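# Give me coordinates for this.
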Amino acid sequence: MVMKKIMLIEISAENTDDPSKQYYADIYLPASVYEIDDAVDKCRGYLVKTDMMPLSISECERVPLLSQLRFDGVTIYELNYLAKQISEFDNTQLAAYNALLPLVVGEYYESDFISIKDLINLTYSLDDYPVASNIFNDTELGEMLIDNGMFEGIENLSDEMIEFLDAEKIGEAHRTEENGVYVNGCYISRAGFELKEVFNGESLPDNAVDNYLFRLDIADDGLLQNWITVPLNENSERFFNLTNVTEFKLIDFESAIPQISKYADGMHNKITLDELQRINELAKGFLFLDEIQSIKFKAALFYEGIETLEDMDKIESILKNVDSYNLKYFNVYPSDFAKDYLNQYLDETFPKEYLELINTNALGDRLMDELQGGYTPYGILLKSSNEQILGNESKHEFMLADFLSKHVLFTEDRLKAEEIPEGLYKYEFRSGAEYIYATLEEKVGVDFSGTILSKEPFDLGEDEYIDLEKEIDGIPDFLDVEMSIKDFINSDFDPEENEDFEESEEQSGDMGLCQ
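Below you'll find the model as predicted:
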């Protein structure tokens, strides 16, 4: 059974390096694990590295009181399971939950923190409390009690006397005695309420969250109908074997990738087995991506304006070339991108007071146009690639070196951010009174003396630099080997075995130790 989404929640995260920057995402629950991942991605939660992000319920029509509650240490998966339980309620169970919830949260719920454990356990406690349907008030409750002989002592009354009974007062007395309430056209007795403890507050059931990427409601000509989840599973295979056809009627389509919101535009209501297999291959390809690649893929779908699986050729191309996009995760607006760009390239001697005169919104727009950038919910995406960067490397000469127990690539030039492929770390040397390479820093303004690229980061410590004069192996040991960035990325650093190494005729005289 496909569950209806019944709860809208908002999640948020704070940039740990810049608390003024906040990231938000909305998600409707219950949701697939990949929909949850997407909301966390939009909040940059993969960088925050926690599942305890601030959460709040914005809307829940089925249980309105939930949107007024504050939670104590709730996770998105716990809220998702609560939404899943509520979405499966029938009308009487829903009425009972709404009736019993005030007893769980207490009178001061607006100021207290509420335990999600109790709200989940309430979903297991509903069957112990009688629910009478189509009862809206005390009069109707009293009439039901009289008609069914449920009023104490009524068996001793004649029919004539029964006609004089006050149904409203009988209903009121009965309701008061049972602490009963009327909810959604039902009367619910809350006498002796006690909360069961099925959920221990730690381990959710195995079925707490679905794991589909796509979900399709299909039927054969004989109207044998089934929801198919993609990636395809054993249930899908059994359905295909039962139908024994190659084309199906497409009744409905759901996607956990928000950019692919529908299967097709218009009245496309047929899908073949080959098309299903192609969708399955797409899903498997997406799940094969690492965390950063999957976020880039979704950002690229947004950037390229993808909405349906009718664009399958383009979607597959994006999937294949996902690393050709450069995603600036923490840049929400063009002004953010401009500020980061200025921070990267302005000399440290540039007067900071002049920065206030720069229209960063206009600069950001201009830079994004030149670099083929665009806004996405995951950050600003630039249509530039490692291959494009590597193709421009002839502007700089690089030499392999041993430095602080790492192999690095050295150049005498400054490098722009877009010239550095992902996966490499850039550092700059500052010269001193006696040494050309006196300190190693992320960015150097004055006394710049060279740049290195490394596959592994250097620990700059609290001072944000390494004093090379105090390091035993703090002098770069140039290996007399010229190398491209591309070869450096793919190299195992063994000059005798790596055919891509090109030995230079002589080491540059400018790379000496002292001035």
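
# Wait, a strand at residue 172?
No: counting by DSSP: H, G, I helix; E, B strand; the rest coil, residue 172 is not part of a strand but helix.

# Just give me the neighbour total for it.
Residue 172 is flanked by 17 other residues according to other CB atoms under 10 Å. C-beta coordinates here come from the backbone N, C-alpha and C atoms, glycine included.

# What are the boundaries of the strands in the stretch 151-300 of the chain?
Assigned by DSSP state E, counting those that start in this stretch, the stretch 151-300 of the chain shows strands spanning 181-183, 186-188, 214-219, 225-230, 247-255, 270-272.

# Tell me which of those strands is the most buried.
strand 186-188 (a mean of 24; mean count of other CB atoms under 10 Å).

# Name the spans of this protein whose pLDDT lies under the cut-off.
Counting by pLDDT under 70, the ranges of the chain that qualify are 1-3, 17, 46-52, 153-162, 164, 266-268, 384-395, 418, 492-515.

# ok, now with 50
385-394, 494-515 (pLDDT under 50).

# who's in contact with the nearest residue to residue 405 once chain neighbours are set aside?
Counting by CB to CB, 6 or more residues apart in numbering, residue 405 lies nearest to residue 473, which is 6.7 Å off, once chain neighbours are set aside. Residue 473 makes contact with 402, 403, 404, 405, according to CB atoms under 8 Å, 6 or more residues apart in numbering.

# and the second one, what are its bridge partners?
The partner list for residue 403 in beta bridges (DSSP bridges) reads residue 406.

# how close does it sit to residue 473?
Residue 403 sits 7 Å away from residue 473, going by CB to CB, to the nearest Å.

# just the helices in the stretch 51-200 of the chain please.
Along the stretch 51-200 of the chain, counting by DSSP state H, counting those that start in this stretch, helices occupy 76-87, 91-105, 116-122, 138-147, 159-162, 167-178.

# Can you say which of those helices is packed in most?
It is helix 76-87: most buried of these by mean count of other CB under 10 Å, with a mean of 22.

# Go ahead and confirm residue 113 touches residue 72.
Yes: using CB atoms under 8 Å, residue 113 is in contact with residue 72, at 3.8 Å.

# At which residues are the strands of the stretch 401-515 of the chain located?
Using DSSP E, counting those that start in this stretch, strands in the stretch 401-515 of the chain cover 406-411, 425-430, 439-441, 448-454, 466-467, 477-482, 502-503.

# Reformat those as TSV; add mean neighbour count and distance to residue 131.
Output for the strands of the stretch 401-515 of the chain, formatted as TSV (neighbours: other CB atoms under 10 Å; distance: least, CB to CB, whole Å):
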stretch	mean neighbour count	distance to residue 131
strand 406-411	20	69
strand 425-430	20	63
strand 439-441	21	70
strand 448-454	21	67
strand 466-467	16	71
strand 477-482	17	80
strand 502-503	10	82
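
# among those strands, which is nearest residue 309?
Closest approach to residue 309 among the strands of the stretch 401-515 of the chain (CB to CB): strand 425-430, 38.4 Å.

# packing partners for that closest one?
If contacts are counted by 3 or more CB pairs under 8 Å, 6 or more residues apart in numbering; DSSP states H and E, strand 425-430 sits against strand 439-441, strand 448-454.

# Which one, of these, ends up nearest to residue 82?
strand 448-454 (46.8 Å).

# Quickly run through the sheet partners of the closest one, with directions.
Assessed with DSSP bridges, strand 448-454 is paired to strand 406-411 (antiparallel), strand 425-430 (antiparallel).

# got these as JSON lines, with distance to residue 83 columns?
Output for the strands paired with strand 448-454, formatted as JSON lines (distance: least, CB to CB, whole Å):
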{"stretch": "strand 406-411", "distance to residue 83": "49"}
{"stretch": "strand 425-430", "distance to residue 83": "42"}
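
# Nearest to residue 180, out of those strands?
strand 425-430 (67.0 Å).

# returning to what we had before: out of the strands paired with strand 448-454, nearest to residue 259?
The closest of the strands paired with strand 448-454 to residue 259 is strand 425-430. By CB to CB, the value is 31.0 Å.

# Only the C-alpha atoms, please, for that closest one, written as CSV.
C-alpha atoms of strand 425-430 as CSV (Å, rounded to 0.1, in the frame of the first residue of the first chain):
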residue,chain,number,x,y,z
TYR,A,425,44.4,20.6,-1.9
LYS,A,426,46.2,23.9,-2.7
TYR,A,427,48.7,25.6,-0.4
GLU,A,428,51.0,28.6,-0.9
PHE,A,429,54.5,29.3,0.3
ARG,A,430,55.6,32.6,1.9
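
# My guess is residue 416 contacts residue 345. True?
Yes: if you go by CB under 8 Å, residue 416 and residue 345 touch, sitting 6.9 Å apart.

# Count the residues that sit near the nearest residue to residue 478 once chain neighbours are set aside.
Nearest-residue entry for residue 478: residue 401, 4.8 Å, with adjacent residues in sequence omitted and distances by CB to CB, 6+ apart. Counted with other CB under 10 Å, the neighbours of residue 401 add up to 21.

# Give me the neighbour count for the residue nearest to residue 426 when sequence neighbours are not counted.
Take residue 426 and drop its neighbours on the chain: the residue closest to it by CB to CB, 6+ apart is residue 420, 5.2 Å away. By other CB under 10 Å, the residues close to residue 420 number 17.

# again, but for residue 366
When counting by other CB under 10 Å, one arrives at 13 neighbours for residue 366.

# Using CSV, lay out the contacts of residue 473 together with neighbour count and distance to residue 350.
Converted to CSV, the contacts of residue 473 look like this (neighbours: other CB atoms under 10 Å; distance: CB to CB, whole Å):
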residue, neighbour count, distance to residue 350
402, 15, 34
403, 23, 29
404, 18, 30
405, 7, 35
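
# Just put those residues in a markdown table and tack on distance to residue 463.
Converted to a markdown table, the contacts of residue 473 look like this (distance: CB to CB, whole Å):
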| residue | distance to residue 463 |
| --- | --- |
| 402 | 24 |
| 403 | 19 |
| 404 | 16 |
| 405 | 20 |
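
# List just the nearest of these to residue 305.
residue 403 (45.1 Å).

# how near is that closest one to residue 359?
Going from residue 403 to residue 359 by CB to CB gives 41 Å.

# What of residue 230?
For residue 230, the distance to residue 359 - CB to CB - is 47 Å.

# And for residue 28?
According to CB to CB, residue 28 stands 38 Å off from residue 359.

# same check, this time on residue 322
Distance from residue 322 to residue 359, by CB to CB: 33 Å.

# Show the contacting residues for residue 264.
308, 309, 310.

# For the residue nearest to residue 478, list the residues it contacts.
Residue 401 is in contact with 407, 408, 409, 410, 452, 476, 477, 478, 479, counting by CB under 8 Å, 6+ apart.

# Tell me which of residue 322 and residue 359 has more neighbours.
Shown here are residue 322 and residue 359; by other CB under 10 Å, residue 322 has more neighbours (23 against 11).

# Please enumerate the helices of the stretch 201-350 of the chain.
Under DSSP H, counting those that start in this stretch, the stretch 201-350 of the chain gives helices at 234-243, 273-288, 291-303, 312-320, 334-345.

# mind checking how far the shortest one is from the chain centre?
Computed by CA atoms, centre = their mean, to the nearest Å, the chain-centroid distance of helix 312-320 equals 21 Å.

# For it, buried residues please.
For helix 312-320, burial by neighbour count (16 or more other CB atoms under 10 Å) applies to 315, 318, 319.

# Now do the nearest residue to residue 450 once chain neighbours are set aside against residue 413, distance only.
For residue 450, ignoring the flanking residues on the chain, the nearest one in space by CB to CB, 6+ apart is residue 429 at 4.5 Å. Distance of residue 429 to residue 413, given as CB to CB: 12 Å.
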